[in-house]
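Undergrad: The following comprises the amino acid sequence and a computationally predicted model.
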Amino acid sequence: MSGGRSTETGELREPLAATSLLGGGVALGVALLGEARPAFGIALGTLLAALNLCALGWVVRGLLRGSRPRASYAVLAALKFALLVGAGYVTLATGLVDALPLAIGYGALPFGIVAGQLLLPPRLREEV
């Protein structure tokens, strides 16, 4: 944890940016091919992935700091998961997006985490 890094995003700044850029790039590419509905699904999946990463980082950071009782963070983690599943269910059940584009957008998360870790300066990579 170096000086100048945001306390809200911490080491998640690079993975969050990489996730957003990867998913957004795929959505933009699909939109340029003239496929608006799948592009929207990919963008929505990317948004869910980025929000999930932010929420997970917040919960883990709180657990490691020990600022509140651990049980409260367990409840927040369960709530985060329920909201993620609920948001996916609502978007699919209402026909807002199709399942495959949503999954492709959410799939930017693991690639973004890896790419974000590779973007970290070597001295920060050793701390992680």
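TA: Looks like it came in fine.
Undergrad: List the buried residues for the longest helix along the chain?
TA: Longest among the helix segments of the chain by residue count, using DSSP state H, is helix 36-65. Neighbour counts using 16 or more other CB atoms under 10 Å place 38-50, 52-53, 55-59, 61-63 of helix 36-65 among the buried residues. For the C-beta atoms, the positions are set from N, CA and C on the backbone; glycine is no exception.
Undergrad: and if you look at stretch 95-105?
TA: Of all the residues in stretch 95-105, those buried under the rule 16+ other CB under 10 Å are 97, 101-102, 104-105.
Undergrad: where in this protein is pLDDT low?
TA: For the chain, residues meeting the criterion pLDDT under 70 lie at 1-10, 120-128.
Undergrad: Okay, strands next: where are they in it?
TA: Under the criterion DSSP state E, the chain contains no strands.
Undergrad: Can you pull up the most central residue in it?
TA: Among the residues of the chain, the one closest to the centroid is residue 50, at 2.4 Å (CA atoms, centre = their mean).
Undergrad: ok, it touching residue 17?
TA: No: taking contacts as CB atoms under 8 Å, residue 50 lies outside contact range of residue 17: 9.3 Å.
Undergrad: Helices of this structure, start to end?
TA: Listed in chain order, the helices of the chain (DSSP H) span 13-32, 36-65, 70-93, 99-106, 108-119, 122-127.
Undergrad: other SSEs contacting the fifth one?
TA: Read that as helix 108-119. With contacts defined as 3 or more CB pairs under 8 Å, 6 or more residues apart in numbering; DSSP states H and E, helix 108-119 has these neighbours: helix 13-32, helix 36-65.
Undergrad: So which bits of it are buried?
TA: Quick answer for helix 108-119 (16+ other CB under 10 Å): 108-109, 111-113, 115-116.
Undergrad: Export those as CSV, with columns for distance to residue 72.
TA: Compiled in CSV, those are given as follows (distance: CB to CB, whole Å):
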residue, distance to residue 72
108, 30
109, 25
111, 32
112, 28
113, 26
115, 32
116, 28
